[in-house]
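S.K.: Quick one: sequence plus predicted model below, questions after.
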Amino acid sequence: MSVSATENVILYTTFHLFGFLFIPFVIFSFIYWRRSQRNLILLSEKLPGPKGWPIIGNALDFIGTSPDIFSTIYKHTYNYDRVLRIWIGPKLLVFLMDPRDAELILSSHVHIDKSAEYKFFKPWLGNGLLISTGQKWRSHRKLIAPTFHLNVLKGFIDLFNVNSRGTVEKMKREEGKTFDCHDYMSEATVEMLLETAMGVSKTTQDQSGFEYAMAVMKMCDILHLRHTKLWLRPDWLFNLTKYGKIQKNLLNVIHELTRKVVKNKKEYFNKGMRGMTAEIPHEVKTNVNKESDTLKTVVDGISFGQSIGLKDDLDVDDNDVGEKRRMAFLDLMIEASNNGATITDEEIKEQVDTIMFEGHDTTAAGSSFFLSLMAAHPEIQEKVIKEMDEVFGDSDRPATFADTLEMKYLERCILETLRIYPPVPIIARQLKQNVKLTNGDYILPAGCTVIVATYKIHRRADIYPNPDQFDPDNFLPERTSVRHYYAFIPFSAGPRSCVGRKYAMLKLKILLSTIMRNFRIKSDLNENDFQLQGDIILKRAEGFKIRLESRRPLAL
Ligand code: HEM
């Protein structure tokens with residue numbers, strides 16, 4: 001027998017062995033799975049959704065580029081108004097698009113477990129606040145939430161100003177050119193987080209915030225691939241691919257920075273330098289103590305990005321937060337660890353990674369969408385500029401907390417940006433028990449992944465007239481007062497709401513007002529040209545392309 005004939009025999013035998021063993025294995029596994037998941041399957045059959053293929057379900061919807069997948073899933077929501085069932089192989093996803101159902105899940109103290117997809121974050125964020133659950137999440141949330149109360153945040157205003165002015169200075173290099181503003185927003189938000197919540201000066205970091213921000217962006221791309229491509233899900237297979245190797249390198253960059261941040265802070269702390277943020281230049285110091293302590297809201301019906309009817313652990317009366325607890329995030333973590341076993345060093349690092357990720361990519365996307373929308377809607381931009389001129393006149397003084405309360409129109413534009421392009425477009429939870437929805441006979445089965453579809457809720461025509469139109473008047477009091485509280489949830493809501501909500505709103509107002517005092521934003525593209533991709537954080541696939549035109553000498 002020749003060599004090629006032998007090869008043919010081997011191939012033939014292997015093929016048949018594969019047929020004899022693999023196909024029965026798949027069929028047997030499928031039957032076993034159907035029997036063991038009877039509750040899930042029976043209840044899912046009553047849920048509305050597009051027809052799928054045997055075994056793979058609707059997995060074909062997840063083939064293609066990121067914008068393709070986003071648009072395919074979004075198109076389904078036109079046919080299914082409140083609830084949408086999708087199968088990806090054996091995995092059942094149920095999208096909720098009615099604010100009443102969103103409330104049912106998000107306000108619950110029971111349905112707080114994150115979905116299995118969050119496990120891909122684990123090598124990066126460990127058991128940080130975003131993914132932990134149970135008692136660990138409860139005790140760490142209790143520790144961390146007070147470090148984002150308003151009385152702590154007011155102490156950050158000067159640093160928000162310094163960094164916003166630095167960003168304007170850097171962006172000036174791009175004047176007249178078309179460029180992607182996301183890189184600038186990303187770098188600015190990383191540096192602000194380092195200097196405020198982490199309390200370390202960016203100049204003491206020998207690795208730039210920019211490098212970190214880019215690594216985070218690439219990590220998000222990889223995580224998105226693992227969510228949508230079934231073969232990248234098992235760790236052993238993923239680690240063999242080029243993506244596994246890239247992830248390893250990216251995590252080295254990310255963790256090197258966070259380790260350094262914790263180490264530096266501990267050194268300061270041991271030298272007795274506590275309760276500090278980075279150094280503030282004299283010329284931008286504002287007198288925070290003289291500022292009005294009022295908690296009044298700026299846009300009626302909405303308080304720091306959330307409906308005023310929704311209260312969470314950030315909304316405690318600031319006078320109830322004792323002196324000792326008025327500490328910035330990393331200071332408090334280190335003090336807690338020095339004082340006992342509430343939190344270990346490894347857990348501190350995980351929380352730093354979590355805050356750095358959650359606090360940076362979300363606000364970078366939010367501010368980049370805002371600037372893109374200003375360019376696409378010049379008439380709205382002029383109203384923002386008019387308000388800036390009314391608040392600051394010709395002065396180039398830094399913004400104060402009182403000024404932020406006067407930026408009513410700017411705030412409406414920020415809220416409208418977060419409505420129409422919510423940086424976190426969906427929120428996913430794993431159900432441990434069946435849940436009956438608020439209206440109708442639908443029951444979500446235990447074991448399914450329930451997805452609160454923020455992006456769709458924010459674009460319901462029965463809640464927002466002309467839902468796809470950028471209209472800051474959606475946040476006029478007469479409109480906010482008649483809406484369901486859960487009709488606007490960019491920061492989620494309930495016990496697992498975003499811990500950085502107030503931080504984000506304050507920072508966005510200072511950063512964006514500083515930019516709008518200095519530039520007019522232009523673009524050759526309009527909103528219809530935006531291609532959306534929902535890789536964990538919502539982004540413009542083509543980049544956030546804008547052009548800057550100087551309004552006046554820099555307010556620096
Ligand atoms: C525009 C900016 C932001 C948006 C739209 C946003 C949105 C959200 C959303 C929707 C969640 C819930 C996610 C989920 O359940 O899967 C969340 C959680 C979280 N966010 Fe934000 N966020 C923003 C800024 C920030 C900032 C500035 C920080 C910190 C400085 C932060 C820290 C966190 C943390 C730690 C969690 C997890 C909370 C928990 O599970 O208890 N976020 N955020």
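M.R.: In hand now; what should we look at? Residues are numbered from 1 along each chain as shown.

S.K.: Can you pull the poorly scored residue ranges out of the stretch 151-300 of the chain?
M.R.: 202-209, 273-298 (pLDDT under 70).

S.K.: Not counting its neighbours along the chain, what's nearest the closest residue to the ligand within the chain?
M.R.: At 2.1 Å from the ligand, residue 500 is the closest residue in the chain, using Cβ to the nearest ligand atom. Every C-beta, even on glycine, is put in place using the N, C-alpha and C of the backbone. Closest residue to residue 500 apart from its sequence neighbours, by Cβ to Cβ, 6 or more residues apart in numbering: residue 359 at 5.2 Å.

S.K.: Which helix or which strand is home to the one you found?
M.R.: Using DSSP states H and E, residue 359 sits in helix 345-376.

S.K.: State the number of residues packed around the residue of the chain closest to the ligand.
M.R.: A count of neighbours around residue 500, defined by other Cβ atoms under 10 Å, yields 23.

S.K.: what about the residue lying closest to residue 170 once chain neighbours are set aside, helix or strand, and which?
M.R.: Excluding the flanking residues, the one nearest residue 170 by Cβ to Cβ, 6+ apart is residue 184, at 6.3 Å. Using DSSP H and E, residue 184 maps to helix 181-195.

S.K.: Show me where the stretch 1-150 of the chain has its helices.
M.R.: Remark: helices assigned in the stretch 1-150 of the chain by DSSP state H, counting those that start in this stretch are 3-36, 38-45, 66-79, 99-106, 122-125, 134-144, 150-153.

S.K.: Identify the residues contacting residue 266.
M.R.: residue 334 (Cβ atoms under 8 Å, 6 or more residues apart in numbering).

S.K.: actually residue 82, not the one I typed
M.R.: Residue 82 sits in contact with 96, 97, 98, 101, 437, 439, 440, where contact means Cβ under 8 Å, 6+ apart.

S.K.: From what I see, the residue of the chain closest to the ligand and residue 358 are in contact.
M.R.: Yes. If you go by Cβ atoms under 8 Å, residue 500 and residue 358 touch, sitting 6.4 Å apart.

S.K.: Off-centre distance for the following helix or strand past the helix holding residue 184?
M.R.: For helix 181-195, the following helix or strand on the C-terminal side (DSSP H and E) is helix 209-228. In terms of Cα atoms, centre = their mean, to the nearest Å, the centre of helix 209-228 is found 13 Å from the chain centre.

S.K.: Helix 209-228 - contacts with which helices or strands?
M.R.: For helix 209-228, the packing partners by 3 or more Cβ pairs under 8 Å, 6 or more residues apart in numbering; DSSP states H and E come out as helix 66-79, helix 181-195, helix 242-270, helix 345-376, strand 532-535.

S.K.: Please point out which parts of the first one sit buried.
M.R.: Judged by neighbour count (16 or more other Cβ atoms under 10 Å), helix 66-79 contains these buried residues: 66, 67, 69, 70, 72, 73, 74, 76, 77.

S.K.: can you tell me how far the closest residue to the fifth one other than its chain neighbours sits from residue 180?
M.R.: Among residues not flanking residue 72 along the chain, residue 61 sits closest, at 4.9 Å (Cβ to Cβ, 6+ apart). In this view, residue 61 and residue 180 are 29 Å apart by Cβ to Cβ, to the nearest Å.

S.K.: more crowded one of these two?
M.R.: Shown here are residue 61 and residue 180; by other Cβ under 10 Å, residue 61 has more neighbours (19 against 16).

S.K.: May I have the residues that are in contact with that one?
M.R.: 50, 69, 72, 73, 76, 86.
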